[in-house]
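Chemist: Sequence and predicted structure below; questions after.
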Amino acid sequence: MRPRSKRYQALAEKQPEQPLSVSEAVAKLKSFSDTKFDQTVDCVIRLGIDPKQADQMIRGSISLPKGIGKSRRVIVFCPDDQAEQAKAAGASEAGADELIKKVQDGWMDFDVAIAVPQIMSKVSRLGRVLGPQGKMPSPKTGTVTADFAKAVGEYAAGKVEFRNDSGGNIHTVVGKLSFSEDDLVTNIDFLLGHIRRLKPTTAKGTYMLGAHISGSMSPSVAVAVS
C-alpha cells in the first residue's frame, strides 16, 4: 500500500474520535475539501449480517433524491429491432448478438448494463466477464426489465446499484463535495433509511453497526447510525 501524502496525514489528524450526526459529519468532511477537483463522496455502511448466507445478502439499487453529480453510460441488451428505442432513451449502445460479442471480446466502456428478459439466456454467457465488474444485469437491481426505456433514464441520471461485500459492507456513491451540506445530508439520510428497511429477518443482533463517509482523496468521517 502506498504511503499517504503529508496532506492526507494532516487531515487525518483532524478526524473526530467519535461518530457524528449526519449533518455534523458532512460539515466536517466538507472542511477537508482542499483539492482543485470536485471529489466524489462515498458512503460505507458496516452491517451485522452473515455474508455467507444467501438469505442475508443485501442487494439492490437506489435513486438518491439529489442525484450523484454525474451521468452514467448505459448499454441495453435487447432485440435488434428495439435498439433504436433504447438509444433514444439514452443508451450509448444497444442490441443483441453483436453487442454481446463486443462485450465478450473485452469492451467495457460503460457503467451499467440493462437487459430485457427474453434475451437473458444469451446475456448469461457474460457472467464471467460482467460479474466481477459488478455490471451483470439482475432482476434484483432492476437491470433486467421489459421497461428498459425507464431503466435507462434512471441509471443515466445517476441511479446506483449496491450489494454487500464479503465483509458485510455496503459501498456506494452519495454525491460530490461541491454539493450543499443539505443535499449531501438528504442523500445520506435517504440511503441509511433505505438500507435499514432491507434488514433480513434472519439477521441476528445489531443490524447497522456503523457508517463512514469520505471524499475520494480525503479521510473518512464516522457517522452515528443508532
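Modeler: Now that the structure is in, tell me what you want to look at.
Chemist: what residues does whichever strand or helix holds H194 touch?
Modeler: Assessed by DSSP states H and E, H194 sits inside helix 181-197. If you take Cβ atoms under 8 Å, 6 or more residues apart in numbering as the criterion, helix 181-197 is touched by 22-23, 26-27, 29-30, 41, 43, 45, 47, 58, 60, 62, 64-66, 68, 170, 172, 174-175, 179, 207-208, 211, 213, 223, 225. (Each C-beta comes from the backbone N, C-alpha and C, glycine too.)
Chemist: So for that helix, what gets flagged as buried?
Modeler: The neighbour-count criterion (16 or more other Cβ atoms under 10 Å) identifies D183, L184, V185, T186, N187, I188, F190, L191, L192, I195 as the buried residues of helix 181-197.
Chemist: next one: stretch 20-39
Modeler: L20, V22, A25, V26, K28, L29, K30, F32, Q39.
Chemist: pLDDT weak spots in this structure?
Modeler: Applying pLDDT under 70 to the chain flags the ranges 1-5, 7-8, 10-14.
Chemist: all helices for it, in order.
Modeler: 6-12, 22-31, 83-88, 97-104, 120-123, 127-130, 148-156, 181-197 (DSSP state H).
Chemist: relative orientation of the second one and helix 181-197 in degrees?
Modeler: I take that to be helix 22-31. Computed by axes from the mean of the first three to the mean of the last three Cα atoms, to 10 degrees, the angle separating helix 22-31 from helix 181-197 equals 130 degrees.
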